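A.B. asks: Prediction below, plus the sequence it came from.
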Amino acid sequence: MSKLASILILLIIAMFPSDSAARMEITFATQDFFPFSYLEGKTVAGPGADIIREVCEEIEVEYNIKLFPWRRSLAMCDKGQVQALFMVGKNKDREQEFHFSPPLIATEYGFFECTEKPINYNGVESLRNMTIGTYGPSNTSYNLEKFTIDFKSNINIDITPDDLTQFKKLSRCRVDAVYSNRDVGLAAIKRLKLNNISYAGTEKNLNYYIAFSKKYTPSVLVRKFNLSLSLMKESGRLQQILLKYNLKAAY
């Protein structure tokens, strides 16, 4: 981070009371969501964790980063056992409960096909009478249901609590396609060493965020965190972090 950006952050920190934020210990939770978040030994790794560590150290806030199954992360946040979640897609329901960071990562949702039985994706109508696998319940499955709502009688949605299961099914043609985050899907294919799956097409572009519980996170901390993150983006530091993971910053 540049010297000017660091000076600006120090000025921002001085603008806000320190007692409620600097002395607070905030816990961030995520899920096993490679390549965005995953465990290396007992440490949460990935771009989100890297960004959180750098920002929290910059604004002098104590923090913990935990990885749990997604449903558990949501339940713990609802009870105040953790105060923030990442990587999170934004939707209307979530905006009622969370303050969001500036967008971190630009990515997309789309369809994967088995090359032995291509779907020739060309919009929702090309999915008629097919079974589409996806991970859920999640923002991914929510978007798929919304996307196909007018065709539900003709499109069957198969949901499993992890991504890898769906890609294993697809490689055996047990589902017609998988709806997934593109970066997650490409990473899953590589991890499973599957050579008969390809990306069929994009359905939606989206960004990932950090989401802070409105009920359990002091607003002063959210403001300080988000201002520091905004300066990280402006300085180019955010993109430097994401380049290590072959990901693109959202703007």
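C.D. replies: Arrived safely.

A.B. asks: which residue ranges form the strands in the stretch 51-200 of the chain?
C.D. replies: Taking DSSP state E, counting those that start in this stretch to define them, one finds strands in the stretch 51-200 of the chain at 62-67, 84-88, 98-100, 105-114, 131-135, 156-160, 177-181, 197-213.

A.B. asks: ok, the residue nearest to the spatial centre of the chain to residue 179 distance?
C.D. replies: For the chain, the residue nearest the mean C-alpha position is residue 87 (2.8 Å; CA atoms, centre = their mean). Between residue 87 and residue 179 the distance is 17 Å, computed by CB to CB, to the nearest Å. Placement of C-beta: from N, CA and C, glycine included.

A.B. asks: and the longest helix along the chain, C-alpha only, in CSV?
C.D. replies: Looking across the chain with DSSP state H, the single longest helix is helix 219-235. Output of helix 219-235 as CSV, limited to C-alpha atoms (Å, rounded to 0.1, in the frame of the first residue of the first chain):
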residue,chain,number,x,y,z
SER,A,219,-21.4,0.5,12.7
VAL,A,220,-18.2,2.4,13.5
LEU,A,221,-16.2,-0.8,12.9
VAL,A,222,-18.0,-1.4,9.6
ARG,A,223,-17.3,2.1,8.4
LYS,A,224,-13.6,1.9,9.3
PHE,A,225,-13.2,-1.5,7.7
ASN,A,226,-15.0,-0.5,4.5
LEU,A,227,-13.0,2.8,4.1
SER,A,228,-9.7,1.0,4.5
LEU,A,229,-10.9,-1.6,2.0
SER,A,230,-11.9,1.1,-0.5
LEU,A,231,-8.4,2.6,-0.2
MET,A,232,-6.9,-0.9,-0.7
LYS,A,233,-8.8,-1.1,-4.0
GLU,A,234,-7.8,2.4,-5.1
SER,A,235,-4.2,1.7,-4.5
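
A.B. asks: Could you pull out the buried residues of that helix?
C.D. replies: By 16 or more other CB atoms under 10 Å, the buried positions in helix 219-235 come out as 220-222, 224-233, 235.

A.B. asks: Check stretch 70-90 too.
C.D. replies: Under the neighbour-count criterion of 16+ other CB under 10 Å, stretch 70-90 has 70, 73-74, 76-77, 82-90 buried.

A.B. asks: cool, stretch 24-31 as well?
C.D. replies: Neighbour counts over stretch 24-31 (16+ other CB under 10 Å) mark 26-31 as buried.
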